[in-house]
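**Student:** Below is the sequence, then the predicted model.
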Amino acid sequence: MRRSVTVTSTRAGGRPALVSGGFGELSGLAGSCCLEELNITAPSAVVDLHRRHLEAGADILRTNTGGASPERLDRYRMYDEAFIVSYMAAEHASKAIRNAGGGQRVMGVARVEALAPLVGFLPLDRVEAASRTMASGLVGGGAGLLLLETAQCPARIAAAMDGVRRGMADAGRSVPVIVKLRYETRLGALARAAVTEDLARAASVAAGVAAHAVAVAPDNLDKPFASTLKHVAAAFGGPLFLDLAPSSPHWACGRELADLHDRFAFTAGQRLDRGTTACVGATCAAANDGRSSMRAGA
């Protein structure tokens, strides 16, 4: 399934919408090292960081749910709190936007684990269940956009998307879904030299399940990031999310991606100047795992 490359943005002039960074600077408050727990124990701190992201120029606030899957929370004996953690995360971001009186949006982050302790590879029914729990909480809490991060396996993408649809139905709202593809080496151990092809195939699957846009995690690649993203873009055919941190070695890839700039609906950590086809500045950092702290832009 191919979709139009026409993209929308919250920015004037058609520039890609800038997505906020992560929550690493709050780690000092997380005694258990679980940043997502702060959605329950330190809501004012989470809202305040969202406020600073907005002041730094974010168009879209990323929720504090990078590790909020039931399997990840189970490490902190919070498996049953997965729904409320996601719900409150979206609610805090929504509150920050209301307080600022702006028209920004909330992007709910739902990262699906490929592996779980004592279980090994997560069965597809648990992939679907985890996605459903996170999506229902995030959308119910006010997210107007979902970022579904999943491994490159087509069956897992389909199961995760099924769970997201069920979760949105539970919440009574349907929102656009961005699929972020993460290459899991243990799922592709026998095809390590074919990472780019596997990600392109996964992007095609994302198109088939009606993803609004795709992104690529810049880890475990077999080719330069720009080359990989071009292959993925060709397979997907729709809007793209450039999700890189300023500290990433791929940060300066803007000129190599000049022919894709009209495809970028969202960027994180940098703004794209299509006039010069270069990455020209940053207001909010977005680490690969969604946990970096905010950085001031040039």
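**Tutor:** Great, that's in hand.

**Student:** where are the low-confidence patches of this structure?
**Tutor:** 1-13, 30-32, 117-119, 188-193, 270-298 (pLDDT under 70).

**Student:** Taking the centroid of it, which residue is nearest it?
**Tutor:** Leu147 (3.9 Å; CA atoms, centre = their mean).

**Student:** My guess is that residue contacts Ala110. True?
**Tutor:** Yes: if you go by CB atoms under 8 Å, Leu147 and Ala110 touch, sitting 6.9 Å apart. For glycine as for every other residue, the C-beta is placed from the backbone atoms N, C-alpha and C.

**Student:** joint contacts of those two?
**Tutor:** Shared contacts of Leu147 and Ala110 (CB atoms under 8 Å, 6 or more residues apart in numbering): none.

**Student:** excluding its backbone neighbours, what's nearest His212?
**Tutor:** Take His212 and drop its neighbours on the chain: the residue closest to it by CB to CB, 6 or more residues apart in numbering is Pro176, 3.7 Å away.

**Student:** so how far is Gly144 from the one you found?
**Tutor:** Relative to Gly144, Pro176 is positioned 8 Å away (CB to CB, to the nearest Å).

**Student:** about what we covered before: and the residue nearest to the centre of the chain, what are its bridge partners?
**Tutor:** As for beta bridges, Leu147 partners with Val109, Ile178 under DSSP bridges.

**Student:** Now do it against Leu35, distance only.
**Tutor:** Separation of Leu147 from Leu35 (CB to CB) stands at 16 Å.

**Student:** The stretch 101-250 of the chain: helices as residue ranges?
**Tutor:** Ranges of helices in the stretch 101-250 of the chain, per DSSP state H, counting those that start in this stretch, are 124-140, 154-171, 195-208, 225-236.

**Student:** List the contacts of the longest one.
**Tutor:** With CB under 8 Å, 6+ apart as the contact definition, helix 154-171 has outside contacts at 110, 112, 114, 124-125, 127-140, 146, 148, 150, 174-175, 177, 179, 181, 187, 201-202, 205-206, 209-211.

**Student:** Can you flag the buried ones in those residues?
**Tutor:** With neighbours counted by 16 or more other CB atoms under 10 Å, the contacts of helix 154-171 contain buried members at 110, 112, 114, 124, 127-140, 146, 148, 150, 175, 177, 179, 181, 187, 201-202, 205-206, 209, 211.

**Student:** contacting residues around Ala203?
**Tutor:** Counted by CB under 8 Å, 6+ apart, Ala203 has contacts Leu181, Val214, Val232, Ala233, Ala235, Phe236.

**Student:** Just send the residues you listed back as TSV, with distance to Gly28 too.
**Tutor:** Output for these, formatted as TSV (distance: CB to CB, whole Å):
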residue	distance to Gly28
Leu181	32
Val214	34
Val232	37
Ala233	39
Ala235	42
Phe236	39
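
**Student:** and the two most separated of those residues?
**Tutor:** Maximum pairwise distance among these (CB to CB): 11.7 Å, between Leu181 and Ala233.

**Student:** Please enumerate the shared neighbours of the two.
**Tutor:** Shared contacts of Leu181 and Ala233 (CB under 8 Å, 6+ apart): Ala203, Val214.

**Student:** Show me which parts of stretch 216-233 are buried, residue by residue.
**Tutor:** Result for stretch 216-233 [16+ other CB under 10 Å]: buried residues 216-218, 221-222, 225-226, 228-233.

**Student:** wait, doesn't Thr150 sit right on Tyr183?
**Tutor:** No: between Thr150 and Tyr183 there is no contact under CB under 8 Å: 10.8 Å.

**Student:** overlap in contacts of these two?
**Tutor:** Here Thr150 and Tyr183 have no joint contacts, going by CB under 8 Å, 6+ apart.

**Student:** ok, now which ones touch the residue nearest to His212?
**Tutor:** Residues near Pro176 by CB under 8 Å, 6+ apart: Leu145, Leu146, His212, Ala213.

**Student:** Spit out the contact partners of the third one.
**Tutor:** To tie it back to what came earlier, the one meant is His212. Leu145, Pro176, Val177, Ile178, Gly238, Pro239.

**Student:** Against Asp80, how distant is it?
**Tutor:** Applying CB to CB, the value for His212 to Asp80 is 30 Å.

**Student:** what does the second one give?
**Tutor:** With distances taken as CB to CB, Leu146 is found 22 Å from Asp80.
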